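Participant: turn this into a model:
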Amino acid sequence: MERKTPLYDVHVEEGGKIVPFAGYLLPVQYGSGVIKEHMAVREQAGLFDVSHMGEVLFTGPTALDTLNHLLTNDYSNMPINKVRYGVMCTADGGTIDDLVVYKFGEESYLVVVNAANREKDFAHMSQNLLPGTKAEDISDTVAQLALQGPRAQAILRPLAGELPEKNYSAVLQGAVDGIPCLISRTGYTGEDGFELYCAPGDAPLLWDKLLSAGADYGLIPCGLGARDTLRLEAAMPLYGHELSPEINPYEAGLGIFVKLDKPDFIGKAALQAARPVSRRRVGLRMTGRGIAREQCPVYGGDRQIGLVTSGTHCPYLGHAVAMALVDAAFQEPGTKVQVDVRGRRVEAEVVKTPFYQRA
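Facilitator: Numbering: from 1, shown residues only. Model (predicted):
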(Lines give C-alpha, C1' and ligand atoms only; values in the text may rest on other atoms or scores of the structure.)
Protein backbone atom coordinates (compact mmCIF):
# COMPACT_ATOMS: atom_id res chain seq x y z
CA MET A 1 0.00 0.00 0.00
CA GLU A 2 1.36 3.43 -0.96
CA ARG A 3 2.03 5.96 1.77
CA LYS A 4 0.73 9.51 1.86
CA THR A 5 2.92 12.52 2.58
CA PRO A 6 1.71 15.11 5.11
CA LEU A 7 0.62 17.23 2.13
CA TYR A 8 -1.55 14.58 0.44
CA ASP A 9 -4.87 16.26 1.32
CA VAL A 10 -3.50 19.62 0.16
CA HIS A 11 -2.60 18.17 -3.24
CA VAL A 12 -6.07 16.66 -3.63
CA GLU A 13 -7.75 19.95 -2.66
CA GLU A 14 -5.59 21.87 -5.16
CA GLY A 15 -6.45 19.52 -8.02
CA GLY A 16 -3.22 17.55 -8.17
CA LYS A 17 -3.32 14.43 -10.37
CA ILE A 18 -2.23 11.78 -7.88
CA VAL A 19 -0.09 8.82 -8.98
CA PRO A 20 1.93 6.17 -7.10
CA PHE A 21 5.66 6.95 -7.02
CA ALA A 22 8.42 5.35 -4.95
CA GLY A 23 5.87 3.92 -2.53
CA TYR A 24 3.99 7.21 -2.09
CA LEU A 25 0.93 8.88 -3.56
CA LEU A 26 2.14 12.14 -5.09
CA PRO A 27 0.94 14.72 -7.64
CA VAL A 28 2.39 14.20 -11.11
CA GLN A 29 0.96 17.58 -12.13
CA TYR A 30 -1.69 20.15 -11.29
CA GLY A 31 -4.34 21.67 -13.53
CA SER A 32 -1.81 24.08 -15.04
CA GLY A 33 0.06 21.14 -16.61
CA VAL A 34 3.69 20.05 -16.74
CA ILE A 35 4.85 22.61 -19.31
CA LYS A 36 3.51 25.59 -17.36
CA GLU A 37 4.97 24.21 -14.12
CA HIS A 38 8.34 23.68 -15.81
CA MET A 39 8.38 27.22 -17.21
CA ALA A 40 7.34 28.69 -13.86
CA VAL A 41 10.45 27.20 -12.24
CA ARG A 42 12.70 28.47 -15.03
CA GLU A 43 11.24 31.98 -15.07
CA GLN A 44 9.55 32.61 -11.67
CA ALA A 45 9.25 29.88 -9.04
CA GLY A 46 7.66 26.53 -8.29
CA LEU A 47 6.84 24.69 -5.06
CA PHE A 48 7.28 20.91 -4.77
CA ASP A 49 6.38 18.35 -2.12
CA VAL A 50 9.46 16.15 -1.71
CA SER A 51 8.50 14.65 1.64
CA HIS A 52 8.92 11.18 0.15
CA MET A 53 12.72 11.51 0.35
CA GLY A 54 14.44 9.49 3.07
CA GLU A 55 16.50 10.88 5.96
CA VAL A 56 19.04 8.98 8.05
CA LEU A 57 20.74 10.53 11.09
CA PHE A 58 24.29 9.41 11.89
CA THR A 59 25.60 10.18 15.38
CA GLY A 60 28.52 9.16 17.56
CA PRO A 61 32.29 9.64 17.85
CA THR A 62 32.93 7.59 14.67
CA ALA A 63 30.09 9.03 12.56
CA LEU A 64 32.53 10.79 10.23
CA ASP A 65 34.63 7.65 9.79
CA THR A 66 31.49 5.66 9.00
CA LEU A 67 30.40 8.12 6.32
CA ASN A 68 33.84 8.08 4.74
CA HIS A 69 33.71 4.26 4.81
CA LEU A 70 30.23 4.12 3.22
CA LEU A 71 30.53 6.89 0.61
CA THR A 72 32.89 7.71 -2.25
CA ASN A 73 33.29 11.41 -1.41
CA ASP A 74 35.44 12.72 1.46
CA TYR A 75 33.67 14.46 4.34
CA SER A 76 36.76 15.00 6.53
CA ASN A 77 37.13 18.75 5.92
CA MET A 78 33.42 19.53 5.79
CA PRO A 79 32.37 22.56 7.87
CA ILE A 80 29.23 22.56 10.01
CA ASN A 81 26.20 23.92 8.08
CA LYS A 82 27.55 22.64 4.76
CA VAL A 83 25.98 20.12 2.38
CA ARG A 84 27.98 17.65 0.29
CA TYR A 85 26.92 15.28 -2.47
CA GLY A 86 28.06 11.67 -2.50
CA VAL A 87 27.64 8.22 -3.98
CA MET A 88 27.22 4.96 -2.07
CA CYS A 89 28.67 1.93 -3.85
CA THR A 90 28.68 -1.84 -3.66
CA ALA A 91 31.96 -3.68 -3.15
CA ASP A 92 32.22 -4.13 -6.92
CA GLY A 93 31.79 -0.38 -7.56
CA GLY A 94 28.16 -0.32 -8.68
CA THR A 95 25.92 2.48 -7.43
CA ILE A 96 23.56 1.79 -4.52
CA ASP A 97 22.35 5.40 -4.41
CA ASP A 98 23.38 9.02 -4.72
CA LEU A 99 22.64 11.27 -1.76
CA VAL A 100 23.49 14.45 0.12
CA VAL A 101 25.07 14.84 3.54
CA TYR A 102 24.45 17.68 6.03
CA LYS A 103 26.95 18.29 8.82
CA PHE A 104 25.13 19.16 12.05
CA GLY A 105 28.17 18.82 14.30
CA GLU A 106 31.40 16.90 14.75
CA GLU A 107 29.44 13.80 15.74
CA SER A 108 26.15 14.40 13.93
CA TYR A 109 25.29 14.16 10.21
CA LEU A 110 22.05 13.96 8.26
CA VAL A 111 22.03 11.88 5.07
CA VAL A 112 19.18 12.37 2.57
CA VAL A 113 18.51 9.42 0.25
CA ASN A 114 16.21 8.71 -2.67
CA ALA A 115 12.71 7.67 -1.65
CA ALA A 116 12.64 4.39 -3.57
CA ASN A 117 15.93 3.35 -1.94
CA ARG A 118 15.14 4.27 1.65
CA GLU A 119 14.83 0.76 3.11
CA LYS A 120 17.61 -0.70 0.95
CA ASP A 121 19.98 2.14 1.77
CA PHE A 122 19.30 1.98 5.49
CA ALA A 123 19.88 -1.78 5.54
CA HIS A 124 23.23 -1.36 3.77
CA MET A 125 24.24 1.48 6.09
CA SER A 126 23.24 -0.46 9.20
CA GLN A 127 25.24 -3.50 8.11
CA ASN A 128 28.37 -1.41 7.58
CA LEU A 129 28.44 0.88 10.62
CA LEU A 130 31.76 1.25 12.40
CA PRO A 131 31.76 0.73 16.19
CA GLY A 132 30.79 3.99 17.85
CA THR A 133 28.26 5.09 15.21
CA LYS A 134 24.48 5.02 15.51
CA ALA A 135 22.27 5.30 12.39
CA GLU A 136 18.57 6.12 12.73
CA ASP A 137 15.99 6.30 9.94
CA ILE A 138 14.06 9.47 10.83
CA SER A 139 12.20 9.79 7.52
CA ASP A 140 8.75 9.58 9.08
CA THR A 141 9.50 12.55 11.35
CA VAL A 142 10.52 14.86 8.50
CA ALA A 143 8.57 16.65 5.75
CA GLN A 144 10.40 18.38 2.92
CA LEU A 145 9.31 21.15 0.54
CA ALA A 146 11.36 22.47 -2.38
CA LEU A 147 11.01 26.13 -3.42
CA GLN A 148 12.82 26.47 -6.74
CA GLY A 149 13.34 29.18 -9.32
CA PRO A 150 14.95 32.59 -9.89
CA ARG A 151 12.42 34.29 -7.59
CA ALA A 152 12.73 31.76 -4.75
CA GLN A 153 15.02 34.00 -2.70
CA ALA A 154 12.74 37.03 -3.08
CA ILE A 155 9.81 34.93 -1.87
CA LEU A 156 11.57 33.33 1.08
CA ARG A 157 13.72 36.16 2.44
CA PRO A 158 10.87 38.21 3.99
CA LEU A 159 9.63 35.08 5.78
CA ALA A 160 12.96 33.80 7.08
CA GLY A 161 15.22 35.46 9.60
CA GLU A 162 18.28 33.94 7.95
CA LEU A 163 18.95 32.27 4.61
CA PRO A 164 21.97 30.28 3.48
CA GLU A 165 23.84 32.57 1.12
CA LYS A 166 25.84 29.95 -0.79
CA ASN A 167 24.80 26.86 -2.72
CA TYR A 168 25.17 23.62 -0.77
CA SER A 169 24.96 25.34 2.59
CA ALA A 170 22.18 25.36 5.18
CA VAL A 171 20.69 27.18 8.15
CA LEU A 172 20.21 24.26 10.48
CA GLN A 173 17.90 25.91 12.99
CA GLY A 174 16.01 28.39 10.88
CA ALA A 175 12.37 29.42 10.72
CA VAL A 176 9.93 30.41 8.00
CA ASP A 177 7.29 32.80 9.34
CA GLY A 178 7.62 31.20 12.78
CA ILE A 179 7.72 27.57 11.56
CA PRO A 180 10.97 25.83 12.60
CA CYS A 181 12.84 24.63 9.49
CA LEU A 182 16.18 23.46 8.26
CA ILE A 183 16.70 25.76 5.27
CA SER A 184 19.00 24.34 2.61
CA ARG A 185 20.24 26.06 -0.56
CA THR A 186 19.94 22.97 -2.71
CA GLY A 187 17.62 21.53 -5.32
CA TYR A 188 17.08 19.20 -8.24
CA THR A 189 15.97 21.57 -10.99
CA GLY A 190 19.08 23.40 -12.20
CA GLU A 191 17.77 26.64 -10.66
CA ASP A 192 18.54 28.59 -7.54
CA GLY A 193 16.28 27.56 -4.72
CA PHE A 194 15.78 26.06 -1.30
CA GLU A 195 14.76 22.78 0.29
CA LEU A 196 12.91 23.20 3.59
CA TYR A 197 12.80 20.42 6.19
CA CYS A 198 10.14 20.69 8.88
CA ALA A 199 7.93 18.62 11.18
CA PRO A 200 5.21 16.75 9.26
CA GLY A 201 2.46 18.55 11.17
CA ASP A 202 3.83 21.91 10.05
CA ALA A 203 4.04 21.06 6.36
CA PRO A 204 0.50 22.12 5.26
CA LEU A 205 0.81 25.52 6.95
CA LEU A 206 4.31 26.03 5.51
CA TRP A 207 2.99 25.14 2.04
CA ASP A 208 0.15 27.68 2.38
CA LYS A 209 2.46 30.41 3.69
CA LEU A 210 4.88 29.97 0.80
CA LEU A 211 2.18 29.96 -1.87
CA SER A 212 0.63 33.06 -0.35
CA ALA A 213 3.98 34.87 -0.15
CA GLY A 214 4.82 33.85 -3.70
CA ALA A 215 1.50 34.78 -5.33
CA ASP A 216 2.83 38.10 -6.66
CA TYR A 217 6.00 36.41 -7.92
CA GLY A 218 4.29 33.80 -10.10
CA LEU A 219 4.81 30.90 -7.69
CA ILE A 220 2.70 27.81 -8.46
CA PRO A 221 2.61 24.26 -7.09
CA CYS A 222 4.48 21.72 -9.21
CA GLY A 223 4.42 17.94 -9.49
CA LEU A 224 6.64 15.01 -10.35
CA GLY A 225 6.33 15.59 -14.10
CA ALA A 226 7.98 19.01 -14.01
CA ARG A 227 10.52 17.82 -11.46
CA ASP A 228 11.65 15.18 -13.97
CA THR A 229 11.76 17.45 -17.04
CA LEU A 230 13.65 20.10 -15.06
CA ARG A 231 16.29 17.69 -13.75
CA LEU A 232 16.71 16.19 -17.22
CA GLU A 233 17.10 19.63 -18.81
CA ALA A 234 19.81 20.27 -16.21
CA ALA A 235 21.33 16.81 -16.98
CA MET A 236 21.05 15.65 -13.38
CA PRO A 237 21.25 11.85 -12.94
CA LEU A 238 18.32 9.91 -11.53
CA TYR A 239 18.71 6.61 -9.71
CA GLY A 240 17.22 3.78 -11.76
CA HIS A 241 18.07 5.62 -14.98
CA GLU A 242 21.60 7.09 -15.03
CA LEU A 243 22.59 5.28 -11.82
CA SER A 244 22.16 1.64 -10.78
CA PRO A 245 24.15 -1.26 -9.28
CA GLU A 246 25.28 -1.98 -12.87
CA ILE A 247 26.60 1.58 -13.41
CA ASN A 248 29.62 2.89 -11.51
CA PRO A 249 30.20 6.61 -10.72
CA TYR A 250 32.87 6.99 -13.41
CA GLU A 251 30.52 5.68 -16.09
CA ALA A 252 27.83 8.07 -14.82
CA GLY A 253 30.18 11.04 -15.09
CA LEU A 254 30.44 11.44 -11.31
CA GLY A 255 34.15 10.73 -10.96
CA ILE A 256 34.72 14.11 -9.29
CA PHE A 257 32.84 12.71 -6.29
CA VAL A 258 35.12 9.65 -5.97
CA LYS A 259 38.10 10.38 -3.70
CA LEU A 260 40.57 7.56 -4.16
CA ASP A 261 43.17 9.38 -2.06
CA LYS A 262 41.20 8.89 1.17
CA PRO A 263 41.44 5.71 3.28
CA ASP A 264 39.65 2.57 2.21
CA PHE A 265 35.92 2.76 1.50
CA ILE A 266 33.38 0.29 0.16
CA GLY A 267 34.02 -0.13 -3.56
CA LYS A 268 37.42 1.61 -3.61
CA ALA A 269 39.43 -1.29 -5.03
CA ALA A 270 36.84 -1.93 -7.75
CA LEU A 271 36.73 1.73 -8.71
CA GLN A 272 40.52 1.92 -8.83
CA ALA A 273 40.45 -0.92 -11.33
CA ALA A 274 37.49 0.46 -13.31
CA ARG A 275 39.34 3.19 -15.19
CA PRO A 276 39.48 3.87 -18.05
CA VAL A 277 35.80 3.04 -18.40
CA SER A 278 34.47 1.50 -21.60
CA ARG A 279 31.20 3.47 -21.53
CA ARG A 280 30.10 6.93 -20.42
CA ARG A 281 26.97 8.92 -19.74
CA VAL A 282 26.55 11.53 -22.49
CA GLY A 283 24.06 14.16 -23.48
CA LEU A 284 22.23 13.88 -26.80
CA ARG A 285 20.43 16.56 -28.75
CA MET A 286 17.88 15.09 -31.12
CA THR A 287 18.56 16.70 -34.50
CA GLY A 288 15.97 14.58 -36.32
CA ARG A 289 12.24 14.46 -35.62
CA GLY A 290 11.57 12.25 -32.63
CA ILE A 291 11.77 12.06 -28.85
CA ALA A 292 14.15 9.51 -27.37
CA ARG A 293 12.87 7.65 -24.34
CA GLU A 294 14.45 5.38 -21.75
CA GLN A 295 15.85 2.13 -23.21
CA CYS A 296 15.87 3.36 -26.81
CA PRO A 297 18.94 1.84 -28.53
CA VAL A 298 21.69 4.23 -29.65
CA TYR A 299 23.66 3.47 -32.82
CA GLY A 300 26.98 4.58 -34.26
CA GLY A 301 26.68 3.54 -37.87
CA ASP A 302 25.36 -0.02 -38.01
CA ARG A 303 26.51 -0.90 -34.49
CA GLN A 304 24.50 -0.43 -31.32
CA ILE A 305 26.72 1.56 -28.97
CA GLY A 306 24.42 2.07 -25.99
CA LEU A 307 21.00 2.86 -24.56
CA VAL A 308 19.09 6.01 -23.69
CA THR A 309 18.69 6.35 -19.91
CA SER A 310 16.31 9.37 -19.92
CA GLY A 311 14.80 11.50 -22.65
CA THR A 312 12.12 14.12 -23.22
CA HIS A 313 11.20 17.30 -25.05
CA CYS A 314 12.50 20.19 -22.96
CA PRO A 315 9.91 22.97 -22.59
CA TYR A 316 12.41 25.75 -21.91
CA LEU A 317 15.00 24.76 -24.52
CA GLY A 318 12.32 23.98 -27.09
CA HIS A 319 13.84 20.77 -28.40
CA ALA A 320 14.26 17.11 -27.47
CA VAL A 321 17.28 15.89 -25.52
CA ALA A 322 18.33 12.66 -23.87
CA MET A 323 20.99 11.18 -21.67
CA ALA A 324 22.50 7.88 -22.73
CA LEU A 325 25.11 5.38 -21.64
CA VAL A 326 27.28 4.76 -24.69
CA ASP A 327 30.60 3.29 -25.79
CA ALA A 328 33.32 5.68 -24.56
CA ALA A 329 34.64 6.07 -28.11
CA PHE A 330 31.49 8.06 -28.89
CA GLN A 331 31.55 10.45 -25.91
CA GLU A 332 33.02 13.54 -27.59
CA PRO A 333 30.65 16.46 -28.24
CA GLY A 334 29.86 16.77 -31.92
CA THR A 335 29.76 13.01 -32.49
CA LYS A 336 26.85 12.01 -34.73
CA VAL A 337 24.71 9.05 -33.65
CA GLN A 338 21.23 7.68 -34.26
CA VAL A 339 18.54 6.71 -31.76
CA ASP A 340 16.03 3.98 -32.53
CA VAL A 341 12.66 5.54 -31.69
CA ARG A 342 9.90 2.95 -32.13
CA GLY A 343 11.77 1.19 -34.92
CA ARG A 344 12.85 4.35 -36.73
CA ARG A 345 16.40 5.71 -36.68
CA VAL A 346 16.45 9.36 -35.63
CA GLU A 347 19.56 11.52 -36.01
CA ALA A 348 21.16 12.89 -32.83
CA GLU A 349 24.37 14.58 -31.76
CA VAL A 350 26.45 14.21 -28.61
CA VAL A 351 26.50 17.58 -26.80
CA LYS A 352 28.02 19.00 -23.64
CA THR A 353 25.96 18.81 -20.49
CA PRO A 354 24.12 20.32 -18.75
CA PHE A 355 21.72 21.08 -21.58
CA TYR A 356 20.49 24.06 -19.55
CA GLN A 357 22.54 26.10 -17.11
CA ARG A 358 21.23 29.18 -15.36
CA ALA A 359 23.08 32.43 -15.90
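Participant: and the nearest residue to Leu145 once chain neighbours are set aside, how far is that from Met88?
Facilitator: Of all residues not flanking Leu145 in the chain, Leu196 sits nearest, at 4.7 Å (C-beta to C-beta, 6 or more residues apart in numbering). Placement of C-beta: from N, CA and C, glycine included. Computed as C-beta to C-beta, to the nearest Å, the Leu196 to Met88 distance reads 25 Å.
Participant: nearest spatial neighbour of the one residue sitting closest to the centre of the chain, skipping sequence neighbours?
Facilitator: Nearest to the geometric centre of the chain sits Tyr188, at 4.8 Å (C-alpha atoms, centre = their mean). Residue nearest to Tyr188 in three dimensions, not counting chain neighbours: Arg231, with 5.1 Å by C-beta to C-beta, 6+ apart.
Participant: could you check the pLDDT of the one you found?
Facilitator: At Arg231, the predicted lDDT confidence score is 98.
Participant: before we move on, which element is it in?
Facilitator: Assigned by DSSP states H and E, Arg231 belongs to helix 224-233.
Participant: buried ones in that helix?
Facilitator: Buried residues in helix 224-233, counted by 16 or more other C-beta atoms under 10 Å: Leu224, Gly225, Ala226, Arg227, Asp228, Thr229, Leu230, Arg231, Leu232, Glu233.
Participant: what helices and strands are in contact with it?
Facilitator: On a contact count with 3 or more C-beta pairs under 8 Å, 6 or more residues apart in numbering; DSSP states H and E, helix 224-233 meets strand 24-29, helix 34-43, strand 303-314, strand 319-327.
Participant: could you point out which of those sits nearest Gly94?
Facilitator: strand 319-327 (13.2 Å; C-beta to C-beta).
Participant: can you list the strands that that closest one pairs with?
Facilitator: According to DSSP bridges, strand 319-327 has the following sheet partners: strand 279-286 (antiparallel), strand 303-314 (antiparallel).
Participant: angle of that strand against helix 224-233?
Facilitator: 60 degrees (axes from the mean of the first three to the mean of the last three C-alpha atoms, to 10 degrees).
Participant: show me what the helix or strand just after strand 319-327 is packed up against.
Facilitator: Moving toward the C-terminus from strand 319-327, the next helix or strand (DSSP H and E) is strand 336-341. In terms of contacts (3+ C-beta pairs under 8 Å, 6+ apart), strand 336-341 is packed against strand 279-286, strand 297-300, strand 319-327, strand 344-351.
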